[in-house]
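Provided below are the primary sequence and the corresponding predicted coordinates.
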Amino acid sequence: VVALVLGACGYLLGYAVQHAAKMPYGWGIELVFLSLCVSFMIPLKLVRQLLRHLRKDELALAADALQPYLKAPLDKTDSAALIRKAVEFIAVSLNQFLAAPVFWFLMAGPMGLSLYMTYAALHQAFGLPDERRKYFGRCVRIIDALLNIFPLPITVLVLAASAGFVSKSDPLRAVATAFR
C-alpha cells in the first residue's frame, strides 16, 4: 500500500509539472524537471575513481569504491573482476539513469518520468531481497520490473550496437551474452 501511495505522489508531481509546462515559459520547468531526473554523473564519477585507483594498482581502494553499488561482496578480486563489475554497474546505470527515464518521458511525459523515478528510487532503497525488506521489497521489485520491460531491451541493443565500435568485438555475441 505504501508503494502505491508513493507512486501516486510521484504521478501527481509529474501531473503538476505537465500542467505547469502549458504555461508561458513552462518548457523551462519541464526542462529543469527532466535534467533533475536524467543524470549519469554518479556512474561517470565512479568510473573515473576506479580508473585512478587501478592505474596506481590500488585494488583494495578500487574495490571499496565499487562495493556500495553492488549486491555481492568483492572479496579477493583482481583488476579484471573489478573491471567486469564496473562494466556491469555502468550497463545497469545506463538503463536506470538515462535510457529508462528518457523512454518514459517520451512515452508518457513528465507523469511517466516521475512515476518511473519514484519506483526506481524505491527499488534502490528497498528492493533488495533480504529478510528485512521481504514483503515491501517484493512489491517494489515487481513494479520496477514491469516499468523496465521496454527500456531494458532498448538499452541492451544500444550497448550491443556499441560493441561494433570496439576492436575485436562482435555485436551479435554481445546480444547473445546479454540475453543469457
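Yep, it's here.

pull out the buried residues from the least confident helix or strand in the chain by mean pLDDT.
Scoring the helices and strands of the chain by mean pLDDT, DSSP states H and E places helix 171-178 at the bottom, with a mean of 81. Neighbour-count burial for helix 171-178, counted by 16 or more other Cβ atoms under 10 Å, picks out 171, 174-175, 178. The C-beta positions use only the backbone N, C-alpha and C, and glycine is treated the same way.

same check on stretch 2-17?
3, 7, 10-11, 13-14, 17.

ok, so of those, who is nearest residue 64?
residue 3 (32.0 Å; Cβ to Cβ).

residue 53 versus that closest one, what's the distance?
Per Cβ to Cβ, to the nearest Å, residue 3 is found 37 Å from residue 53.

repeat for residue 8
For residue 8 relative to residue 53 (Cβ to Cβ), the value is 43 Å.

if we can go back for a sec, in CSV: the buried residues of helix 171-178, plus distance to residue 144.
As requested, the buried residues of helix 171-178 are exported to CSV (distance: Cβ to Cβ, whole Å):
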residue, distance to residue 144
171, 28
174, 24
175, 23
178, 19
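
residue 86 against residue 65, yeah?
No: between residue 86 and residue 65 there is no contact under Cβ atoms under 8 Å: 9.5 Å.
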